[in-house]
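Asker: Sequence unavailable; structure follows:
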């Protein structure tokens, strides 16, 4: 249980996808103009990460890794399909994003219109693929750890995009020098928030 708590808080704060690795910046910058759309996209990213990481964990450990297919037959003990990891991970992610897109279009058409092209682009959001690749790199010992890492990474990304959206809404009423308006001041604030999140690295989990 302690390991799961540690993985969760590390993925949210210490290893935040935006502020630690700057993954998923295209959607982060484009959809963070209002809190409403930021929350919608953040929830969608969290859902996709939560679903795809455990699925990709099972795929990695029971199909793709060297000797993973030994459960089928002992003759597969030397079979290594790990070279298919990228394409299989992306296929799973694309399928889950398609599911999310259909659900949002059905039950929240206004949000679907507000998110526009950035909803289907979750499929190529590097934060989503990065989650699966980090899961692979960290070699979690069970599916529970992979799932918690997915949830934490998604919540961390949601926290980041909602925070910057709230700040950008307030900036509309602030005096920002003309050369820095728009993405300029957003990049500066993102950098400052990244530095602030580095303070969590001092927490012993």
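Answerer: Yep, that arrived. Here the structure is a predicted model, which is why all the values come from computation and not from measurement.
Asker: Give me the buried positions along the longest helix along the chain.
Answerer: The longest helix of the chain (DSSP state H) is helix 143-171. Across helix 143-171, burial judged by 16 or more other CB atoms under 10 Å covers 145-165, 167-168, 171. Any C-beta I mention is one placed from the backbone N, CA and C, and that applies to glycine too.
Asker: Quick one: list the elements packing against the helix or strand of the chain with the lowest mean pLDDT.
Answerer: Within the chain, no helix or strand scores below helix 109-115, which has a mean of 79 by mean pLDDT, DSSP states H and E. Packed against helix 109-115, as judged by 3 or more CB pairs under 8 Å, 6 or more residues apart in numbering; DSSP states H and E, are the following elements: helix 35-59, helix 85-107.
Asker: Could you identify which of these is most buried?
Answerer: Among those, ranked by average contacts under mean count of other CB atoms under 10 Å, first place goes to helix 35-59 (a mean of 22).
Asker: Return the list of helices and strands in contact with that one.
Answerer: helix 85-107, helix 109-115, helix 126-138, helix 143-171.
Asker: Which among these is found nearest to residue 1?
Answerer: helix 143-171 (9.9 Å; CB to CB).
Asker: Distance from the closest one to the middle of the chain?
Answerer: 8 Å (CA atoms, centre = their mean, to the nearest Å).
Asker: Can you name the next helix or strand after the longest helix of the chain?
Answerer: helix 183-197 (DSSP states H and E).
Asker: what about the protein, any weak spots by pLDDT?
Answerer: Along the chain, the parts satisfying pLDDT under 70 run over 123-124, 204-205.
Asker: which stretch among the helices and strands packed on helix 109-115 comes nearest residue 186?
Answerer: helix 35-59 (12.4 Å).
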